[in-house]
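>>> Here is a sequence together with a model predicted from it:
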Amino acid sequence: MRVLVCVKRVPMTGGRIVLTDDAQAIETKHLGFTVSPHEECGVEEAVRLIEANAGESVVLTLGPPEAEEQLRDAMALGADRAIHLVTDGDEWDAQSTAGAIVEAVRSDEAANGAFDLVFFGNESADSGGYQVGIRVAYALGRPVATGLKGVALEGGAARCEQEVPGGRDVFVLPLPAVVTVLEGLNLPRYPSVPAKLRAQRKPVDASSPTRPQPRLEKLRLVVPESQGKEAEILGHGPDAAPAVVEVLQRIGVA
Amino acid sequence: MSDLPRQARAVVIGCGIVGNSAAYHLAEQGWSDVVLLDKGPLPNPGGSTGHASNFIYPVDHSKEMTQLTLESVRQYKEMGVFTESGGIEVARTEERLEELKRRVASAKAWGIEPVSLVTPAEVKKLVPFIDETVILGGFYTPSVGVVDSLRAGTIMRERGQESGRLTVSANTEVVGIDVEAGRVRRVRTTEGDIEAEIVVIACGVWSPKLARMAGASIPLTPAVHQMIDIGPTHWFADAKGDIEFPIVRDMDTNMYERQHGSGLEIGSYAHRAILYEPEDLPSVEEASLSPTEFPFTQEDFNLQMEQALELMPSIVGDETVGIKHAINGILSLTPDGMPILGELPEVKGLWSAAAVWIKEGPGVGKSLAEWMVHGESHIDLHSSDAARFWEHQKSSAHVKARTGEGFNKTYGIVHPLEQWASNRDVRLSPYHAREQELGAVFFEAAGWERPQWYESNAPLLDEYGDRVGRREAEWDARWWSPIINAEHLAMRDRAGIFDLSAFAIFDLSGPGALDALQRVSMRQVDAAVGRVVYTPWLSPSGGFKSDLTIMRLGDDHFRVVTGGAHGMADYKWLRDNLPTDGSAQLADLTSAWSTLGLWGPRARDILSSVTSDDVSHEGFPFATCRTIEIGSVRVLASRISYVGDLGWELYVPIEQGARLWDIVWEAGRAHGAAPCGIGVYGTTGRLEKCYRAFGTELESEYTVVEADMAWGKVKEQDFVGKEAHLRHREEPPAAILCTLTVDDHTSSAGVARFPMGREPILTRDGNPIVDSKGRRSYVTSAGAAPSVGKHVLMAYLPPERAETGAQLAVEYMGEQYPVTLDVVGSAPIFDPENTRIRS
């Protein structure tokens, strides 16, 4: 079995987001980087599938040289190897991103065989485009199910579950297929130290795709007014009890 | 918050462990209207305290740090937040095993017992998840423990608030500190201004930024130390508390491992130094974790993962144990590794309580409060004194260079005489080029490069043969040379020329100068013009604050000369005690005058050959000073001697120093004069005369009587510490400073070993010696006395042990060596009648 999971390097923001002076990007000098929680679940699911079925899991990213960090993190969870489409750090739009991924997938499949499943996070944690997974599936001519909370292999097909009010919608996709998943799909493991160390030595296939003309022009970023965590102080000591009761009643737990 | 007070006796900025403790203890010691602020929320405002590993190993080679730690542990226990876990420092190398013996010695010297060296098998019994085949042994301290520092801070804050003397305001950021006429006036915050007499900066890594607001300097740098948390492990599955197994310090890898509930925390000081500016730290809102928890840099921890895997494979190598948390934690580092405590020299009323670890926090808070409220702390803080820095040491370049170098020595094996490698050659004496030509081996003091010894004196080794002590053990011979002993002998036979340019030199002039100096000096300062007075400066409790010489150059003109290491602290002390009417003017002339020392039986022959001024014994009596002409150089010559021989300190304007050297050097050749280094000046020369030194024999903890320096009558003028000193003269001393010599240096391996200082003095059967104040006997200074062929140790001993001829022992590198008590008190072992000095 072969599984590909795609991830994107995004900043781990704090309560308040600060933009660079030219408002073109988030100021990241204090920030660490990660992948979205959806993608974490995608990686975990891919790893579990290969643990159960034998084969190979591959993690892919389109991103700057530093994004190798996210590839190593994914390999520390168990992904076998990585594909790094190296950019200069500028954000690529969804069409460009999908195009580069499609090329990389075709190239890898030509050499190593088809990916039974390609995982994407439902949307990235920073730009939240919702598009790349679908565009890739379309270009590859494969069925795609999105917003998934469950993916399971059933007799050569993928049984996919979406949470909807009142229950779940189930889609059965013939393989090869593309799935975009949501946090909650599974509970990702924490990497162990030996796994982290092994990940340092796993192979990363790096290349620098040519960037096509962007079809989207970013004007600037804007931070919405009421952002960040806010804490309302209900009161102090025993005097706060009535206010606490009111909140509990309001949220329906009392 | 409109309920922020408009006025306060003291504003303490920072609610980390230090700020909480300082504010609490100020209130505790009677100050009301104390305000405690933090820009962050409570109980965890987001400083280093918030993510600290919270464990305390009490044993340190530094007495000062150990005392602060023991006091802190006492407070933590009283607050009920201390959990004893035990701690082991493991050795992976033979060199480390030797160092662990030093740890045992320090534990005994400072009274931390029981401690023991343990075998790998014994370590395994204590820490079953360790791979004992990776280690050679360990140093076990059962009294190691962990604390809940956030809880302790909260308890202290609440106690202060309950007393009614402390107001706490969180989420209150200081945006300015106003200074008027050199004194702090007010603190400006996001919640309003507070007029304040005293402001304490206890802001951890932000401290330099706050100090700059007031035009002052706190020379520390924020720096990373990495920590990860892994778990859960079956080893701790039944854990009922935070910690039940001993903590392990993996010394050779600069790492530690401690249990944290069901998981293991692994920390590292092994990575490259990653330094920041306070302005690099995010705000509480911007930070994804906290302002002092930076994103983890995996590449800096890869080696540490391997090393932790080696040491504890059954936890770290367990694939089911996940890495839960990993940060680059931010803490404070200083250029000399000591905290920064005390009033800042630039601004009156502005205090620093910075660069303090969890293990010293409460002790520092209390000591600082004592210092502020009573003028002195119980624990001598001279090594942490905020006033100690010379200007260049406050520079960002110096701070970064030294902290970058010092960081990886956090668990390092640091030789007592080890020299810094970074940022050297900052202060060069006018004789520097000459010294280089003579193969000087330079050691640094206060930024000055001074020859410790000269390689060009190697022929003296042949000349003196067996009289020159040698050292076979590599550790003893490190940062040392037998040439030092040879130089010493040459000086005693002929003469030595010494570079003394690290002296701190201040002139005090004006009609109020005499009174000001009288006020701080124990001895009578109203001597005739041209006299030199040696005097201690006492603390209010009658212990030593400094010791130095004062030359009276005129009725209203005095020159104070003190050692470079504490020169700036002495300067501040004098300045703080000047009359406010401007009748005494203080000037730091350290960079205007240089000093050359010329001592030995031929010193007069040499000097008289280059000056036509009268330098005869009658014409130029001992302890006097006057200007003489040497060539075209007008030199202030002072006939005193810290090496206990005939001769002078020659003070020369810096730009003419090289000329003076050349003249004296040329004249000295005919008499066999040798250039001599600080190995002689600071150790061999003074030790055989039993001259005390500040920072070793002389500290605030010991009285003048105990140091046996209460000679003559007490002057009738008032001086700081007089009342206490008079009392001390009436009471029997709890200890007396004695001179001991080593009887037999031979180790069990048949090698001659030489203690270097800070070793415990024991009874012959190996028991520690404690005086009635609970102070242990330990070696304050150690070194060769080449003229008498002995190795000298100075130590305070309780009166019942202080008997000439007493048979005692010193523990050095795990073995005990017999020593004999040669002198009780201050009588020299060489030339006891002082014939040389007075010749």
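Right, received. Where do you want to start? Numbers count the residues shown, from 1 in each chain, chains lettered A, B, ... in the order given.

>>> and the stretch 151-254 of chain A, which of its residues are near chain B?
Contact residues (CB under 8 Å from any CB of the partner chain) of the stretch 151-254 of chain A with chain B: A:189-197, A:200, A:228. Where you see a C-beta, it was placed from the backbone N, CA and C, and this is true even at glycine.

>>> Buried subset of these as a ChimeraX selection?
Restricted to buried positions by 16 or more other CB atoms under 10 Å in any protein chain shown, the ChimeraX selection for these reads:
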select /A:189,190,191,192,193,194,195,196,197
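
>>> if you look at the residues of the stretch 151-254 of chain A next to chain B, which of them are in helices?
A:193-197, A:200 (DSSP state H).

>>> Closest to B:D662 out of the residues of the stretch 151-254 of chain A next to chain B?
Relative to B:D662, the closest of those is A:Q200; by CB to CB it sits at 61.8 Å.

>>> so what's A:E183 closest to, chain neighbours aside?
Among residues not flanking A:E183 along the chain, A:P37 sits closest, at 3.9 Å (CB to CB, 6 or more residues apart in numbering or on different chains).

>>> Surely the one you found and A:L185 touch.
No: the criterion here is CB atoms under 8 Å, and A:P37 misses it with A:L185 at 9.7 Å.

>>> Looking at these two, which is more packed in?
Ranked by neighbour count (other CB atoms under 10 Å in any protein chain shown), A:P37 and A:L185 place A:L185 first, with 23 against 15.

>>> so the more buried one touches A:G42, yeah?
Yes: counting by CB under 8 Å, A:G42 is a contact partner of A:L185 at 7.3 Å.

>>> so A:V193 touches B:I230, yeah?
Yes: A:V193 is within contact range of B:I230, at 6.5 Å (criterion: CB under 8 Å).

>>> Between those two, which contacts overlap?
Counting by CB atoms under 8 Å, 6 or more residues apart in numbering or on different chains, the contacts common to A:V193 and B:I230 are B:316, B:321, B:323.

>>> Which single one of those residues is nearest to B:V792?
Of those, the one sitting nearest to B:V792 (CB to CB) turns out to be B:V316, at 49.0 Å.

>>> how much space between the closest one and A:P188?
20 Å (CB to CB, to the nearest Å).

>>> More neighbours: which of these two?
Neighbours per residue (other CB under 10 Å) separate B:V316 from A:P188, with B:V316 holding more: 26 against 19.

>>> Next, the buried residues of the helix or strand hosting B:V652.
Assessed by DSSP states H and E, B:V652 sits inside strand B:647-653. With burial defined by 16+ other CB under 10 Å, the residues of strand B:647-653 counted as buried are B:647-653.

>>> Which of the three states applies to the residue minimising distance to the centre of chain A?
Per CA atoms, centre = their mean, the C-alpha nearest to the average position across chain A is that of A:E39, at 2.6 Å. Following DSSP: H, G, I helix; E, B strand; the rest coil, we place A:E39 in the helix state.

>>> contact partners of the strand holding B:V652?
Contacts to strand B:647-653, defined as CB under 8 Å, 6+ apart, come from residues B:430, B:495, B:500, B:505, B:559, B:561, B:592-600, B:603-604, B:607, B:615, B:630, B:633, B:635-641, B:660, B:664.

>>> mind redoing it with 6 Å?
B:593-599, B:603, B:633, B:635-639, B:641, B:660 (CB atoms under 6 Å, 6 or more residues apart in numbering or on different chains).

>>> ok, that strand: who's next to it in the sheet?
strand B:593-599 (antiparallel), strand B:633-638 (antiparallel) (DSSP bridges).

>>> residues contacting whatever residue of the stretch 101-250 of chain A ends up closest to chain B?
Nearest residue of the stretch 101-250 of chain A to chain B (CB to the nearest CB) works out as A:Y190 at 2.4 Å. Contacts for A:Y190 (CB under 6 Å, 6+ apart) come out as B:322-324.

>>> A:E40 now?
Each residue near A:E40 by CB under 6 Å, 6+ apart is listed here: A:P188.

>>> One more: the one 5 residues further on?
Neighbouring residues of A:E45 by CB under 6 Å, 6+ apart: A:151, A:185-186.

>>> tell me, how many neighbours does the residue in the stretch 351-500 of chain B that chain A sits nearest to end up with?
As assessed by CB to the nearest CB, chain A sits closest to B:K400 within the stretch 351-500 of chain B, at 18.7 Å. A total of 19 residues lie near B:K400 under the criterion other CB under 10 Å.

>>> And it, how far from A:L62?
B:K400 sits 38 Å away from A:L62, taking CB to CB as the criterion.

>>> Kindly report the same for A:V35.
Counting by CB to CB - A:V35 and A:L62 are separated by 12 Å.

>>> higher neighbour count, those two?
Legend: neighbour count by other CB under 10 Å for A:V35 and A:L62, higher for A:V35 (28 against 25).

>>> Need phi/psi at B:A603.
B:A603 adopts backbone torsions of phi -60, psi -40, taken as degrees, to the nearest 10.

>>> Give me the pLDDT for the closest residue to it other than its chain neighbours.
Distances taken as CB to CB, 6+ apart place B:G647 nearest to B:A603, at 3.7 Å, with adjacent residues excluded. If you check B:G647, the pLDDT there is 98.

>>> beta partners of B:G647?
The partner residues for B:G647, given DSSP bridges, come to B:W599.

>>> buried sites along stretch A:108-126?
A:108, A:114-125.

>>> for stretch B:524-534, same thing?
For stretch B:524-534, by 16+ other CB under 10 Å, it's B:524-525, B:527, B:530, B:532-533.

>>> Give me the nearest residue to the residue in the stretch 1-150 of chain B that chain A sits nearest to, chain neighbours excluded.
Among the residues of the stretch 1-150 of chain B, B:P41 lies nearest to chain A; the distance is 8.6 Å by CB to the nearest CB. Computed as CB to CB, 6+ apart, the closest residue to B:P41 that is not its neighbour in sequence is B:A170, at 5.4 Å.

>>> Let me know the next secondary structure element after the top strand by length along chain A.
For chain A, the strand with the greatest residue count under DSSP state E is strand A:144-154. Next along the chain after strand A:144-154, taking DSSP H and E as the criterion, comes strand A:157-164.

>>> where do the strands sit along the stretch 51-200 of chain A?
A:56-63, A:81-86, A:117-121, A:144-154, A:157-164, A:167-174, A:177-181 (DSSP state E, counting those that start in this stretch).

>>> Contacts only, for residue 252.
All of this is about chain A. Contacts of A:G252 by CB under 6 Å, 6+ apart: none found.

>>> I was after chain B.
B:92-93, B:96.

>>> Setting aside sequence neighbours, what's the nearest residue to the residue in the stretch 301-450 of chain B that chain A sits nearest to?
With CB to the nearest CB as the measure, B:G322 is the residue of the stretch 301-450 of chain B nearest to chain A, at 2.4 Å. Nearest non-adjacent residue to B:G322, counting by CB to CB, 6+ apart: A:Y190, 2.4 Å away.
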